[in-house]
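[1] Return atomic coordinates for the entry below.
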Amino acid sequence: MVQKSTDPFISIWMVTYNHARFIKKALDSILTQETSHSFKLIIGDDCSTDGTQTILKEYKSKYPSKIELLLNNENIGPSDNALKVYDSCNGKYTAMCEGDDYWTDSKKLEKQIKYLEENPNSVGCFHNSICVDENDLIISEQYFKLNHKKSYDQEAVIKELHSTYSTASLVFRTYALKKEFDFFKKKPSDFMLDCVLTNHGNLTYLEESMSAYRIHSSGIWQGSTLLSNSKISLERFLRLYNHDEYRKKYKRYLWSKILEHYNRIIAISEDPKEIKAYKAARLKFINFMELRSYKYLLGKVFKSLRKKSRSIVN
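    Predicted coordinates for the structure are as follows:
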C-alpha cells in the first residue's frame, strides 16, 4: 500500500445506522483526541431514518477537514456499509469506533500509535473497555476478560481470542488489511479481520481501558439469538476451512469447531426443515475417508449407548 502525501496518518473507521441517540458522544470522543498525528474520520451511514444523517452533516460542516461522509441513499446492509468505509481508509493506521460506542481517553490514539510505532512486530493493538447501557450507566467495568495473555498470534486469535474485545479499542496497520482485502471482503467480520491482520504480525493487548461498548437492544450481534450467532460462527469456521492456507495450518481444530456448531444448531433449532437441512450439510461435511470422521462417529455411538444404559439402570 502506497500512501499519498494527502493521506492522513490515521484513518478512523466508523459505521452508523439509526444512532441519533448516541452519535454525538461518539463523534465528540474522537474529535477531541489529543494527538500529534493527522487523522480523518470516515463515516458510513446506512440510510438511517432517525436523523443520524442530519447530525453527521452538522458535524461535517463544523469539521470539514476532519470528517468524510459516505451516506447511503438506500440500505445496503451492515457488511457492505462496513466494507465501503474500510476501502476508504488510507492512513498508515486505522482506528475503529462504531456510532453507538465512544472513546473514554482523550489520548487513546496517541498511546496506541506510539506503541505500534515502537513495536513493528505488532500489527495492531487493542485495550479494555467499559460496558454501558443506553443511558451511559456502567454495566461492567471490564469488557475484555482474557487478561492472561498480552500478545495473540494467528493461532491464538482463532483458538482463544475469538474477537472478544470491543471494536472501538482496535488500532491496526492499514496495509495488513489492504493486502488481504479480496479475501476479507467476501464475508467481513471482526473475527475475520483478526485472522487476516495476524498474517502480518501479532495483536497486542494494552492493559488500559480507553473506550465504552454500548449494550442496547438494537445492537447487531448483541441483539441476535443464540441460534443466529451459532450460524454466523459456523459460517466463519467453514470459510477458514475452505481456504487452503488456513485449513493447512488449523485443519483439526476447524474441523471439530464446525461439527460443534452443526450439532448446536441442530440441537436448538425448532424448525424441522432447518434441522433436516443442517443434518444433511453436516453429513456432507464429514469426510469418510478421514480417520477422524470414524473417531467422531464412534464417539457419538458410545455416548448414545451410555445414555441408554443409564436410563435402563435407573
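[2] could you pull out the strands for the stretch 151-300 of the chain?
    Secondary structure of the stretch 151-300 of the chain, counting by DSSP state E, counting those that start in this stretch: strands at 151-152, 171-173, 202-214.
[3] any idea which of those strands is most buried?
    Highest mean neighbour count among those (mean count of other CB atoms under 10 Å): strand 171-173, with a mean of 23. Any C-beta I mention is one placed from the backbone N, CA and C, and that applies to glycine too.
[4] tell me which strands and helices that one is in contact with?
    strand 93-96, helix 108-118, strand 122-132 (3 or more CB pairs under 8 Å, 6 or more residues apart in numbering; DSSP states H and E).
[5] ok, back up a step: of all the strands of the stretch 151-300 of the chain, which one comes closest to residue 282?
    The minimum distance between residue 282 and those falls on strand 151-152, with 29.9 Å, by CB to CB.
[6] Partner strands of the closest one, with direction?
    strand 202-214 (antiparallel) (DSSP bridges).
[7] Double-check residue 17 against residue 45; I have them as touching.
    Yes. With contact defined as CB atoms under 8 Å, residue 17 counts as touching residue 45 (6.9 Å).
[8] before we move on, the earlier item: of all the helices and strands packed on strand 171-173, which lies closest to residue 207?
    Taking these one by one with CB to CB, strand 122-132 is closest: 7.4 Å.
[9] then that closest one to CSV, C-alphas only?
    Coordinates of each C-alpha in strand 122-132 appear next as CSV, following Å, rounded to 0.1, in the frame of the first residue of the first chain:
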residue,chain,number,x,y,z
SER,A,122,2.8,-5.9,16.3
VAL,A,123,0.2,-5.5,13.5
GLY,A,124,-2.3,-3.9,15.8
CYS,A,125,-3.3,-3.3,19.4
PHE,A,126,-6.4,-3.2,21.5
HIS,A,127,-7.4,-2.5,25.1
ASN,A,128,-10.2,-3.0,27.5
SER,A,129,-13.5,-1.1,27.6
ILE,A,130,-16.3,-0.4,30.0
CYS,A,131,-19.8,-1.6,29.1
VAL,A,132,-22.6,1.0,29.3
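[10] isn't residue 214 right next to residue 133, touching?
    Yes. Contact criterion CB under 8 Å: residue 214 and residue 133 qualify, at 7.3 Å.
[11] any idea which of the helices and strands packed on strand 171-173 is most buried?
    Greatest burial across the helices and strands packed on strand 171-173, using mean count of other CB under 10 Å, falls to strand 93-96, with a mean of 25.
[12] so where does residue 142 fall, helix or strand?
    For residue 142, there is no helix or strand it lies in under DSSP states H and E.
[13] can you check residue 60 too?
    helix 52-62.
[14] counting contacts, what elements does that helix pack onto?
    helix 23-31, strand 39-45, strand 67-71.
[15] for that helix, the distance to its chain's centre please.
    In terms of CA atoms, centre = their mean, to the nearest Å, the centre of helix 52-62 is set 26 Å apart from its chain centre.
[16] buried ones in it?
    52-53, 55-56, 59-60 (16 or more other CB atoms under 10 Å).
[17] Common neighbours of residue 17 and residue 45, please.
    Common contacts of residue 17 and residue 45, defined by CB atoms under 8 Å, 6 or more residues apart in numbering, comprise 52, 81, 99.
[18] tell me which of the residues you listed is nearest to residue 268?
    residue 81 (29.5 Å).
[19] ok, that closest one - contacts?
    Counting by CB under 8 Å, 6+ apart, residue 81 has contacts 15, 17, 44-46, 72.
[20] pretty sure residue 25 is touching residue 104, no?
    No. Between residue 25 and residue 104 there is no contact under CB under 8 Å: 10.3 Å.
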